[in-house]
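**Student:** no sequence on this one, just coordinates:
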C-alpha cells in the first residue's frame, strides 16, 4: 500500500536525511511513501488569530491540490507541517463564511476546497496501521543496547485536540523505539519546548534550552534522542555548537530523526550524506552499537 | 354557586411592576361570579392573611383564589389561613402570576392580560373543587442509614438515642469511613481516631442499632414511612461472634494485599481485620484475594483458628428491611490521581495523595507515625503540598472547589513540621479558603509561627532528578517562576462522591448533580432532605464537607428523620387518582403506567383500584385511561378543560 | 507605581480587539498561574503570562503592546493546554503580536539576518520567525 506524503520545505534541504530515511524505512515496510505533486510551503506556523484567513491559504492550497489528486489522506513527517495543516483545515471548515472566502480567493485552483483529506502524522500511521508488535517483527537490525530518548516537543501533543497521543503522558515515540529494539528512556523534559523560532531573535535562550533538555535526557540514561521536527532538530543539534562554547560541562549528544533509526532497524544502510547534515556526528555511537 | 373571592398580591414590586394589580382587582370585582376582589402589597404577611380571613367572614366566601408566587412557596400559608377562617383548605387555589408571569415578562399591558387569564383559569378550577381531607397510613418507626462514616454514625446515634430503631448498612468490613484513616483533625489537631472510636463503640453497643457490614442496598420499594429495602450481605467467612481477633489466621495467610486502610502504602493479608479498632471487631476473609476456599488450595487459616470461627461454606445473604426513612451517608472518595499525568503519580513513589500522607502521619500508619517517604524510607526534609489537584479545573477535571483541601493541606504541613523540626513545608495554593470557626487563625499561626511557606500559584509539572522531585511552580505574587527540589510531594486530590454511589442513586431513584453528588430538596431551606419523600442526606455524599460540617448536617438529618418517625401515622395528600367503577373496563393500562405501583386490579370485579398512600397524584394513569374512568381529585377532566378554555379563549 | 483604573478601562476597545482576535474571554482567568509555571520562556518575559491575562482584565493592553512578552513567547502552547479554564493563553499572545504586526511593529527584519545565518538557518526556522515576529 502506497502512502501519499507531504514533505514540507525543510525536508528537501536541511532535513534531507529525514525524508531519505523515511522513504528507505517505509519501502522496507512495503508501504512506500509517494510524494504528492505541486505542494507548497504549509506556512510553518498556524496563525491563531481569528481573522488571519490569508495566513491559512498556504496550508489550504496543499489540501485542495491533494483533493484534486484524489488523495484521501496525506502523511506528514514534520511535526510543524502536521500541526499547521490540520489546524488550518479545521479552522477554515469550522466556519462557513471562512470557507466561502477561502474558496473564492482560490478560484484559480482546479477545484474548490472541501476538506476531505485526512492529515496524519507518520508516527500514528505506524501505530494504528501496522502496530508495534508487527513493526518489531520487521526489524532485521535491532537497535540493541542503544539507549535513546524520544523528544516530542510541542506540536505532536499540543493542542490536546491535535495530539497524536496522550497530551501529558504520550508513549508513541518510546513505543516505536522499543519495537525497534532500542532502550527508550522517558526523561522529564521530553515535552518541553526547544525555544522554536526564538532561535533567531534569542539565540542564547535556545542554547540554554538545549543545554537543559539534553542534560535531562543524559541524566535519564539516554545516549541520543530522536525527534520528528526539523526546527527542534536544528535547536537541539546545530545549536550544540554554541552550547559547547557556553557550557564547559556540556557533553554533546547526537540527535536523530526517528526515521533514521527506523531505516537502520529495517535493514537500510546508513547514508554518509546523512552524517553531513548532523552537527554532532552520530556515526561513533552507531558504530559502537554495531549498527553501521 | 360558590361565593368566590380573588386576592391579588403585589409582592412588593415583583408583581406590581409588570402586572397592573389595581386594574385586575377592579376587573374581577366587576365580574358577576366573583363576590369580592382586592389587592395588597404582601398577602403572605400576617396583615395580608388577615385581609383574606376578614373577607371570608365579611362576604361569606366559600372559595378563594390567591394570585401570587408559586404554590411551592406559600400554598400552605394560604391554606392555613382559610382553614382558620373555617373553610376546607382545598377551597383555595394559588394562581402563579409571579414566576410564570411577572418575572418572565416586561410588557405591563401584556403581563396584566396574562395574569388575568391565569387567575381566570384558577377561578374555573376552584369552582369545581371538592372539600377533601388527607388520607393517612401507618408507618414503620425505624430508619436505615447507608454508610458508616462519621456522618452516618452521627445520624444513626442521634436517631437511636431518640428511641427509634436504626439499621446501618456499610459496604466495607468496618464502619469508620475516611475519618478513621486520618491522623489529626483541623483546626484543633485532636487525634481523629481518639474522637471517632468512642462513637463507633457506642454505635456497636447501642440497643437500637443493627449494623450490617459488607453489605449493600440492592433494591427499594414502597414509599415514605413504608419502605422495603433489600440488602445484600457478602459472605464474611468469619463468624464475628466467634472470632476473638487473636490474628492467628492472618499470621499464616500467605497472601499479601495492598492495604485499603493504609491507602496502598502498607500490606494486609487476605484474611484480615481492617484496623485494630474495627467495628465489628472481627476478621474478614477477602474472597477476591484468597487462594481458594478449600484445604486443597490453602486452608491454612481455618486449620489455625482455635475458635472455629472460619467457615468456608458461608454464602452471601439477601434480606429485606422495613423502614420508614432512609438516610444516604455514603461520603466521598478522592478523584483518580492518575488523571493528572503531569504530577507523576505512579511514576514517582514519593508523589503521594493527601490520604496517603494522612497514613504516613498517623501513629497507626505504615511508618508508625514517623514521617518517612515511600521510595527509600528517608526522612523528607523538603515537602511540597499542592492544592487544587483536580478541583477548580473545568477544562480537564472538576469545576468545583473541594472545600476541605485548604485546611487539610495546612494541617499536613503543620503536623509534618511538628514531626520533622528542621523540615520545610511548602504549600502551592490558588486561594486560601479558611471560612470556618478558628480556621483563619489556624492558617495565620502556621504562616507566622511555623514558617509554612505559602506560594500562590499552580504547579505545572513535577520532574524527578535523582532522588529529588523537581517542582515547577509560579509565585504569582512576585511574578517569578519557582523551582523546588523536594524530597516528597503531597497532592491535595479533589473530593468526589464515593465510588458506587452513582449506582446507589439509581437504585434509590435519588437525584444527583452532574458530578454525582446527591441533590438536596432545596439548596438553602431543605438541605438535608432529598426531593424524594422519606429519603434524607448526610455528609459528603451531598457536597464536599469537613468533619464539623458533616456532623452538623448529620444531626440535622437525624432531627428531620425523627420528625417523620414521631407520629405513628403518616398523612398523605388527597390529591390522588380515583376510579369510576361504572366506567372502568378493566383493561389494566393504568397498572403498567403507574410509576409508583399504586394501581392494581380487583380480580373479582375487574375494576382497577388505587392505593391511596402509594399514589402520588402524578396523573399518568388518568391521561392513559381510555374510558375516562380514572380521574384526579380536584383535577378532573372538566376542571382542566375549563381552565384551558379560559386560557385559550379568554375570559369574556 | 499607582495605576488609576476607571470603568472606561474595563473591556475597552483594545480588550475587545484582543478577545475578537483570540476568541478568548480574558475575564475567565482566575489567576492560578499555571500558564506561567509551565512556560519555558517565562524567565525572559517582562510580564509573565498570568500577568498578561491580569493586565488585559484591567484594560492595560497598550502597556502589553509596548512590552516584550509576546515577542518572547515561543507559541509552544503549554499554557493553553494546561489552563484549568481552557483559555488559549497562547492565542492571547498571538492577538497581541497580531495587533503590533498589523501596525508594522515587529522585532526582526530580513536585514537583521546575517549572511551566515541565512545560509545556516533552515527554511522552517526563517519562515516561522518571520511569520511570528516581523511586521
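**Tutor:** Thanks, I have the structure now. None of the values given here were measured: they were computed from a predicted structure. Numbering: from 1, shown residues only, chains lettered A, B, ... in the order given.
**Student:** for residue 111, the count of nearby residues, please.
**Tutor:** If you meant another chain, say so; for now it's chain A. 11 (other Cβ atoms under 10 Å in any protein chain shown). (Glycine included, C-beta is placed from N, CA and C.)
**Student:** actually, chain C is the one I wanted.
**Tutor:** 6.
**Student:** residue B:338 now?
**Tutor:** Applying other Cβ under 10 Å, I find that residue B:338 has 10 neighbouring residues.
**Student:** helix, strand, or coil at it?
**Tutor:** Following DSSP: H, G, I helix; E, B strand; the rest coil, we place residue B:338 in the helix state.
**Student:** secondary structure class of residue B:18, three-state.
**Tutor:** coil.
**Student:** now for residue B:37: which residues touch it?
**Tutor:** B:5, B:6, B:7, B:8, B:24, B:25, B:26, B:27, B:28, B:29 (Cβ atoms under 8 Å, 6 or more residues apart in numbering or on different chains).
**Student:** show the buried residues in the residues you listed.
**Tutor:** Buried subset of those (neighbour count, 16 or more other Cβ atoms under 10 Å in any protein chain shown): B:5, B:6, B:7, B:8, B:24, B:25, B:27, B:28.
**Student:** separation between the first one and residue B:293?
**Tutor:** Just to be clear, that refers to residue B:5. 76 Å (Cβ to Cβ, to the nearest Å).
**Student:** residues contacting residue C:62?
**Tutor:** residue C:14.
**Student:** ok so, going back, mind putting the contacts of residue B:37 into CSV with pLDDT?
**Tutor:** CSV is the format used below for the contacts of residue B:37 (pLDDT from 0 to 100):
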residue, pLDDT
B:5, 97
B:6, 97
B:7, 98
B:8, 98
B:24, 97
B:25, 96
B:26, 96
B:27, 96
B:28, 96
B:29, 96
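**Student:** JSON lines for these, including secondary structure?
**Tutor:** Shown next, in JSON lines, are those (three-state DSSP):
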{"residue": "B:5", "secondary structure": "strand"}
{"residue": "B:6", "secondary structure": "strand"}
{"residue": "B:7", "secondary structure": "strand"}
{"residue": "B:8", "secondary structure": "strand"}
{"residue": "B:24", "secondary structure": "helix"}
{"residue": "B:25", "secondary structure": "helix"}
{"residue": "B:26", "secondary structure": "helix"}
{"residue": "B:27", "secondary structure": "helix"}
{"residue": "B:28", "secondary structure": "helix"}
{"residue": "B:29", "secondary structure": "helix"}
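**Student:** okay if I get these as TSV plus distance to residue B:218?
**Tutor:** What follows is the contacts of residue B:37, written out as TSV (distance: Cβ to Cβ, whole Å):
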residue	distance to residue B:218
B:5	53
B:6	52
B:7	51
B:8	52
B:24	55
B:25	57
B:26	62
B:27	58
B:28	55
B:29	60
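**Student:** before we move on, back to that, nearest to residue B:344 among the buried ones among the contacts of residue B:37?
**Tutor:** Set against residue B:344, the nearest of those by Cβ to Cβ is residue B:8 (66.1 Å).
**Student:** bridge partners for the closest one, pull those for me.
**Tutor:** On the basis of DSSP bridges, residue B:8 is bridged to residue B:39, residue B:67.
**Student:** do you know how far it is from residue B:94?
**Tutor:** 12 Å.
**Student:** for the lengthiest helix in chain A, buried residues please.
**Tutor:** Criterion DSSP state H: the longest helix present in chain A is helix A:203-219. For helix A:203-219, burial by neighbour count (16+ other Cβ under 10 Å) applies to A:205-219.
**Student:** counting by contacts, list what it packs against.
**Tutor:** helix A:198-201, helix A:240-246 (3 or more Cβ pairs under 8 Å, 6 or more residues apart in numbering or on different chains; DSSP states H and E).
**Student:** from the chain's centroid, how far away is that helix?
**Tutor:** 19 Å (Cα atoms, centre = their mean, to the nearest Å).
**Student:** can you give me phi and psi for whichever residue of the stretch 1-150 of chain A sits closest to chain B?
**Tutor:** Per Cβ to the nearest Cβ, residue A:149 is where the stretch 1-150 of chain A lies closest to chain B, at 13.4 Å. The phi and psi values for residue A:149, taken as degrees, to the nearest 10, are phi -110, psi 150.
**Student:** what number of residues lie near it?
**Tutor:** For residue A:149, the neighbour count with other Cβ under 10 Å is 29.
**Student:** cool, and residue B:98?
**Tutor:** 21.
**Student:** try the one 10 residues further on
**Tutor:** Residue neighbour count, defined by other Cβ under 10 Å, stands at 15 for residue B:108.
**Student:** OK, contacts around it?
**Tutor:** B:17, B:18, B:19, B:20.
**Student:** what do you get if the cut-off is 7 Å, keeping everything else the same?
**Tutor:** B:18, B:20 (Cβ atoms under 7 Å, 6 or more residues apart in numbering or on different chains).
**Student:** if we can go back for a sec, give the contact list for the residue of the stretch 1-150 of chain A closest to chain B.
**Tutor:** A:184, A:185, A:187, A:190, A:217, A:220, A:222, A:225.
**Student:** let's go with 10 Å and repeat that
**Tutor:** For residue A:149, the contacting residues are A:173-174, A:177, A:182-187, A:189-190, A:213-214, A:216-218, A:220-227, A:253, by Cβ atoms under 10 Å, 6 or more residues apart in numbering or on different chains.
**Student:** equivalent analysis for residue A:78, please.
**Tutor:** Contacts of residue A:78 (Cβ under 10 Å, 6+ apart): A:6-11, A:15, A:18-19, A:42, A:44, A:84-85, A:121-122, A:155, A:228-233, A:257, C:124.
**Student:** domains for chain B, by residue range?
**Tutor:** Chain B breaks down by automatic domain parsing into domains covering B:4-134, B:142-234+B:316-331+B:502-565, B:248-304, B:333-496, B:576-632.
**Student:** is residue A:63 located within a strand, as I assumed?
**Tutor:** No. Read with three-state DSSP, residue A:63 is helix and lies in no strand.
**Student:** my guess is it meets residue A:90, correct?
**Tutor:** No. With contact defined as Cβ atoms under 10 Å, residue A:63 does not count as touching residue A:90 (11.0 Å).
**Student:** any common contacting residues for these two?
**Tutor:** A:115, A:119.
**Student:** pLDDT at residue B:290, what is it?
**Tutor:** pLDDT, residue B:290: 94.
**Student:** residue B:295: how many residues sit nearby?
**Tutor:** Residue B:295 sits with 11 neighbouring residues when counted by other Cβ under 10 Å.
**Student:** quick one: secondary structure of the residue nearest to residue A:7 when sequence neighbours are not counted?
**Tutor:** Among residues not flanking residue A:7 along the chain, residue A:19 sits closest, at 5.5 Å (Cβ to Cβ, 6 or more residues apart in numbering or on different chains). Secondary structure state of residue A:19, per three-state DSSP, is helix.
**Student:** what's around residue A:19, how many residues?
**Tutor:** Neighbours of residue A:19 (other Cβ under 10 Å): 22.
**Student:** tell me how far it lies from residue A:59.
**Tutor:** 19 Å.
**Student:** wait, is residue B:484 part of a strand?
**Tutor:** Yes. Assessed by three-state DSSP, residue B:484 belongs to a strand.
**Student:** just the element for residue C:65, please.
**Tutor:** Using DSSP states H and E, residue C:65 maps to helix C:61-66.
**Student:** any regions of chain B where pLDDT drops low?
**Tutor:** For chain B, the stretches with pLDDT under 70 are B:651-652.
**Student:** so which residues on it come close to chain C?
**Tutor:** Within chain B, the positions lying close to chain C (Cβ under 10 Å from any Cβ of the partner chain) are B:342, B:388, B:390-399, B:428-431, B:455-461, B:471-483.
**Student:** so which of those reach chain A?
**Tutor:** Answer for these near chain A (Cβ under 10 Å from any Cβ): B:342, B:395, B:396, B:461, B:472.
**Student:** what about the second one, which SS state?
**Tutor:** Read that as residue B:395. Assignment for residue B:395 (three-state DSSP): coil.
**Student:** can you report how many residues lie near it?
**Tutor:** Residue B:395, neighbours per other Cβ under 10 Å, totals 15.
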